[in-house]
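Enquirer: predicted coordinates and the sequence they were generated for:
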Amino acid sequence: MTKRDLIDEVNKRFPHLSRRDSEVIINAIFDSMVDALAQGDRIEIRGFGSFVVKHRRARQGRNPKSGALVSVSAKRVPFFKVGKELRLRVDGKPFDGVEEGVSG
């Protein structure tokens, strides 16, 4: 699914919005997510998953073509952790909202 597909889906579900309005909404959501991650914030979307920024240390790597050592600088990378409901739904299993293995 592409950003364009998401815009089309918003348009289908909310026909009173113009295509341009749907595009503005999708772009605003993504821009807000990027801004939050750039500031080091965590994004949690219940039932879907969470986005965090992980810090990678500087290290020595290898050029796969030549085998030569190269310095890889420290960096921050976005990381997505899937939520339980999404994981189960993608796997074709029902999600009833109750934790497995918990007895009451």
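Expert: Received, thanks.
Enquirer: in this protein, which spans are strands?
Expert: In the chain, the strands defined using DSSP state E lie at 43-45, 49-56, 59-62, 69-72, 75-82.
Enquirer: and the residue nearest the centre of the chain?
Expert: Nearest to the mean C-alpha position of the chain, by CA atoms, centre = their mean, lies residue 80 at 4.9 Å.
Enquirer: quick one on the thing from earlier: can you put the strands of the chain in JSON lines and add distance to residue 32?
Expert: The way it works is simple: take the backbone N, C-alpha and C, and place the C-beta from them, glycine included. JSON lines is the format used below for the strands of the chain (distance: least, CB to CB, whole Å):
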{"stretch": "strand 43-45", "distance to residue 32": "9"}
{"stretch": "strand 49-56", "distance to residue 32": "12"}
{"stretch": "strand 59-62", "distance to residue 32": "32"}
{"stretch": "strand 69-72", "distance to residue 32": "30"}
{"stretch": "strand 75-82", "distance to residue 32": "14"}
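Enquirer: could you dump the ones you listed to TSV with distance to residue 10 and mean pLDDT?
Expert: Below are the strands of the chain laid out as TSV (distance: least, CB to CB, whole Å; pLDDT from 0 to 100):
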stretch	distance to residue 10	mean pLDDT
strand 43-45	16	97
strand 49-56	20	96
strand 59-62	41	94
strand 69-72	39	94
strand 75-82	21	96
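Enquirer: residue 88 is nearest to which of these?
Expert: strand 75-82 (9.9 Å; CB to CB).
Enquirer: just want the angle from the closest one to strand 49-56.
Expert: 150 degrees (axes from the mean of the first three to the mean of the last three CA atoms, to 10 degrees).
Enquirer: for strand 75-82, C-alpha coordinates in PDB please.
Expert: Written as PDB, here are the backbone C-alpha positions of strand 75-82 (Å, rounded to 0.1, in the frame of the first residue of the first chain):
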ATOM      1  CA  LYS A  75      23.200   7.100  14.100                       C
ATOM      2  CA  ARG A  76      19.600   7.100  15.200                       C
ATOM      3  CA  VAL A  77      17.200   4.900  13.300                       C
ATOM      4  CA  PRO A  78      13.400   4.500  13.500                       C
ATOM      5  CA  PHE A  79      12.200   1.100  14.700                       C
ATOM      6  CA  PHE A  80       8.700  -0.300  14.500                       C
ATOM      7  CA  LYS A  81       7.400  -2.900  17.000                       C
ATOM      8  CA  VAL A  82       4.200  -4.600  15.900                       C
END
